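Novice: Need the 3D shape of this:
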Amino acid sequence: MTGALTVTAAAGLRDSSQTMSLVAFTTVATITLLLCVLTGPDRDDLDEFYTGYGSLSPLRNGLAIAGDYISAASVLGTGGVIALYGYDGVVLAMSTALSLLLLMFLLAEPLRNAGRFTMGDAFARRMPGRSVRIVACTVTILALLPLMLVQLAGAGQLLAFILGFSGDALQTGCIIGLGALMISYAAIGGMKGTALIQILKIVMLLGSGAVIAVLVLNRFHWDLGAFFDAAARRSGVGQAFLHSGLQFAGGPAPRLDMISSQLTVVIGGACLPHITMRMYTASSARQVRRSMSWAVSSVALFVVIVTVVGFGATALVGRAAIAQADPQGNTAYLLGSRAVFGTDVSTAETLLLTAVTTAVFLTLLASVAGMILACANSLAHDVFATRAREMPVRREMTLARCSALAVGVPAVALATLIQHRGLQPLVTLSFCLGASAIAPALVYSLFWRRYTRTGLLSTLIGGTLAVLVLMPGTNLVSGSPAAAFPHADVNWFPFTTTGLVTIPLGFAFGWLGTVASGRRAEDEQRRRYDALEGSILAGAVRRGTAGPPGETEDDRRKSTA
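Specialist: I've put the predicted structure just below:
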């Protein structure tokens, strides 16, 4: 997401549109902050702050999950890939929906049964120990920080350019101001407050996007053949735009590169900690299933919308103009929304365009708030709270709110430093870490009887290091005009993402670590898993602890001290 993200979109807005956008942005920021204050915890209760007591209905919880899952990278990045590469972009969009579907059928219920507040709880259910929780917290922050930086930088640029601001100082000021707002969402609202923001965001995003998609199709008289032919014609590559292979055509192994990218998205997307933490807000396994059904349906609708708007941007604006505005295509969603109205924009159309830009703005705000909350919860609950045998509830809640500052402030500072870089590598890094470290650890810990503490640590640490070693060698970092460092060339890794190599490595590290633990450790874990199996897989015992059935919170803290 580069500086060009919103320049072109802003250039197409009149002064009245900028004024209307300013009013809309201010109103949204005020309402969402007020929602956080009104719905935030009104007493010292960990369940209320971390999970909102599981009080959300399946519909609202499902919309919140979808809101957390659909980030600005999904809206702008996926829309850009569709506009630039056609069929390959549609496959990417469908992969995001498939990832959430995989979470729904494979991990959602066991994860909810095994955990309480954080991903560290789910791991410590079988393998108590402070080292497990600290490593889980570290991986959580490493996986979400890159996505936070992308959203923060994009939010500042969106606000600055659409409102007609110019200059680095003003953009930096926007990032700092919006970052403070996002930190406030997490610290004040807790899980329930941020959930309501996610719900508002997804309703606005899907609502405004659906109207734009209908208008795009109406421009072509609902003739899908003419619609796709126009997009292929304006793409400059003809029918290749409607077939597989365009996105990775310049690489040494385009087919394998595409497989690697799709594998990374499918396995890693829904395993990121800010998504998995939403499983703990459901009050029962049935609620999890119903919530995930609503979430998957919402994401499927989003896939249809972003596909139509992305192809519409190419058909109405042209692939060359989109690429000229931003080589990553991040302007495509806004450009397509603007182009559907033609040259003369009425007041009603200006209101609709304002709704679209406001929805994108709210998407940026809500995404970062959810990520900050996930990191802060893990830092407070998995690292600080386990240092003491008995930590007062009020102190842990204070630590959670302070942790939001501890995570958010450095993220804002880093976002101001990298705001003019190509940030696509950061998005890819997060997905690779989710697929290569978090997903194997979750699958093994929830389903493999012999999985040991050494195996878990090997999975998390080994998978993370493998991604961090290979990622700098991809063409997203250097060696191409769209890379983060276009004038350097240390591109030695043949694929755009590391998933094809690091996902098998993540699983292999877990297996090797378990085998290296010895037969005695494996047998001990098998006995422990047998005692927990009914609780984890079938929810036979209501989860409320992070240890074996009957273990209290005080017992858990004693065992992890």
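
Novice: State the distance from R519 to L532.
Specialist: 20 Å (Cβ to Cβ, to the nearest Å). Heads up, the C-betas are built off the backbone N, CA and C, glycines and all.

Novice: again with F509
Specialist: 23 Å.

Novice: what about those two, which has more around it?
Specialist: Per other Cβ atoms under 10 Å, whichever of F509 and L532 has more neighbours is F509, with 27 against 19.

Novice: Just give me the neighbour total for the closest residue in space to that one that isn't next to it in sequence.
Specialist: In space, F509 comes closest to G462 once its chain neighbours are excluded; the distance is 3.3 Å by Cβ to Cβ, 6 or more residues apart in numbering. Per other Cβ under 10 Å, the neighbour tally for G462 reads 21.

Novice: And G462, which helix or strand is it part of?
Specialist: helix 453-470 (DSSP states H and E).

Novice: Show me the contact partners of that helix.
Specialist: For helix 453-470, the surrounding residues in contact (Cβ atoms under 8 Å, 6 or more residues apart in numbering) are 123, 127, 129, 131-132, 135-136, 139, 142, 429, 432-433, 436-438, 440-441, 444-445, 493, 498, 501-502, 505-507, 509-514, 516-517, 521.

Novice: can you do 7 Å?
Specialist: Residues from elsewhere that reach helix 453-470, judged by Cβ atoms under 7 Å, 6 or more residues apart in numbering: 123, 127, 129, 131-132, 135-136, 139, 142, 429, 432-433, 436-437, 440-441, 444-445, 493, 498, 501-502, 505-506, 509-510, 512-514, 516-517.

Novice: again, but for stretch 301-316
Specialist: Contacts with stretch 301-316, where a contact means Cβ under 7 Å, 6+ apart, come from 70, 75, 78-79, 82-83, 89-90, 93-94, 96-97, 206, 209-210, 212-213, 216-217, 227-228, 230-231, 234-235, 322, 332-333, 335-337, 339-340.

Novice: Could you list the low-confidence segments of the stretch 351-500 of the chain?
Specialist: 388-389 (pLDDT under 70).

Novice: which stretches of it form helices?
Specialist: 393-418, 424-433, 439-447, 453-470, 499-517 (DSSP state H, counting those that start in this stretch).

Novice: neighbours of L476, just the number please.
Specialist: Close neighbours of L476, defined as other Cβ under 10 Å, add up to 26.

Novice: Now do the contacts for it.
Specialist: So L476 contacts 424-425, 428, 483-484, 496 (Cβ under 7 Å, 6+ apart).

Novice: Just flag the most distant two among the residues you listed.
Specialist: A484 and T496 (12.9 Å; Cβ to Cβ).

Novice: if you count what's nearby, which of the two comes out ahead?
Specialist: A side-by-side neighbour count of A484 and T496, using other Cβ under 10 Å, places T496 first with 21 against 18.

Novice: residues in contact with the more buried one?
Specialist: 248, 257, 261, 474-476.

Novice: redo that, cut-off 6 Å
Specialist: Neighbouring residues of T496 by Cβ atoms under 6 Å, 6 or more residues apart in numbering: 257, 261, 474.

Novice: Which one of the residues you listed is nearest to L417?
Specialist: Using Cβ to Cβ, the contacts of T496 come closest to L417 at T474, 21.5 Å.

Novice: backbone phi and psi for that closest one, please?
Specialist: The phi/psi pair for T474 (degrees, to the nearest 10) reads phi -80, psi 160.
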